[in-house]
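# Here is my input; please provide its structure:
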Amino acid sequence: MIILVTGAGGPTGEAVSGYFRENGHTVIGVDKEHVDLLDRVAVQGLADWIEREHGRVDGVVHLVGGWRGSDSFAETSLDDWDLLHDLLIRTLQHVSLAFEPLLRHSDNGRFVIVSAKAAERPSAGGAAYAAAKAAAEAWTLSLADSFSGTGNAATILVVKALVNDAMRAEKPGAKFAGFTDVHDLAKAIGGLYDRPAAEINGTRLDLTA
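Numbers count the residues shown, from 1 in each chain. As a prediction, this is how the structure comes out:
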């Protein structure tokens, strides 16, 4: 399979990319050093290159993220919203619009985003983050609707937060209760290929349950 991982430079991207490579798949990992995902033309150029090289894409795992918050609702900074809008929504829009046609060339394509429990129950100080995550979910569900009746699926994986080995090493006494390990996330993404598209398309799979 041909798998595109956006936001591949961080621990989560490395875990997901490693999982697919170890299972014999071709991984195209991109980060901001490779492609500016806020540049619609550049993202389309990436899609065009992958189409020339491979003819299709079998998976797009969109891992571009970020977090901003405040101590109270009234202290919410709209500058934080602007930042999160670009990171969590605009990059998703560019990637999904460019790669939806390529996913249709696959008979078992998957488009995946990682969302947060905060989108369901926003905190007073997390308005900008929760709203951006909720918007990203809605956009992904629209993509899912476009896949109805095909072998492709767009799926939302929901976590409280993610944890990696570096975080554990930095805080050896921390419990990280309810957090999802990045390697477990990678396995959950890989497992989407073992399930029928119609079963998972347009669904929110809660990894905290």
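# can you tell me the distance between the two ends of stretch 54-68?
Stretch 54-68 has an end-to-end distance of 37 Å (C-alpha to C-alpha, to the nearest Å).
# Okay, buried residues for it please.
For stretch 54-68, burial by neighbour count (16 or more other C-beta atoms under 10 Å) applies to 54, 56-65, 67-68. C-beta: built from backbone N, CA, C; applies to glycine.
# Does anything pack onto whichever helix in the chain runs longest? Which helices or strands?
Longest helix in the chain, counting residues (DSSP state H): helix 127-146. Where contact means 3 or more C-beta pairs under 8 Å, 6 or more residues apart in numbering; DSSP states H and E, helix 127-146 is packed against helix 78-84, helix 91-103, strand 110-116, strand 153-159.
# TSV please, covering those and showing distance to Asp31, mean neighbour count and mean pLDDT.
Below are those laid out as TSV (distance: least, C-beta to C-beta, whole Å; neighbours: other C-beta atoms under 10 Å; pLDDT from 0 to 100):
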stretch	distance to Asp31	mean neighbour count	mean pLDDT
helix 78-84	17	15	95
helix 91-103	11	21	97
strand 110-116	16	25	97
strand 153-159	20	23	97
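# what comes into contact with the longest helix of the chain?
67-69, 73, 76-78, 80-81, 84-85, 87-89, 92-93, 96, 100, 111, 113, 115-116, 118-119, 122-123, 153-156, 201-202, 204 (C-beta atoms under 8 Å, 6 or more residues apart in numbering).
# What is the neighbour count of the residue lying closest to Tyr19 once chain neighbours are set aside?
Among residues not flanking Tyr19 along the chain, Ala186 sits closest, at 3.7 Å (C-beta to C-beta, 6 or more residues apart in numbering). The tally of other residues near Ala186 (other C-beta atoms under 10 Å) stands at 23.
# Within the helices and strands, which one has Ala186?
Secondary-structure assignment from DSSP states H and E places Ala186 in helix 182-191.
# so what secondary structure elements neighbour the next helix or strand after that helix?
Later in the chain than helix 182-191, the nearest helix or strand by DSSP H and E is helix 197-200. Using 3+ C-beta pairs under 8 Å, 6+ apart as the contact test, the elements touching helix 197-200 are strand 153-159.
# Just the CA trace of the strand it packs on, in PDB.
Once non-C-alpha atoms are left out, strand 153-159 reads as follows in PDB (Å, rounded to 0.1, in the frame of the first residue of the first chain):
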ATOM      1  CA  ALA A 153     -13.500   5.300   4.400                       C
ATOM      2  CA  ALA A 154     -12.800   8.500   6.300                       C
ATOM      3  CA  THR A 155     -12.500   7.800  10.100                       C
ATOM      4  CA  ILE A 156     -12.000   9.900  13.200                       C
ATOM      5  CA  LEU A 157      -9.900   8.400  16.000                       C
ATOM      6  CA  VAL A 158     -10.600  10.000  19.400                       C
ATOM      7  CA  VAL A 159      -8.100  10.300  22.200                       C
END
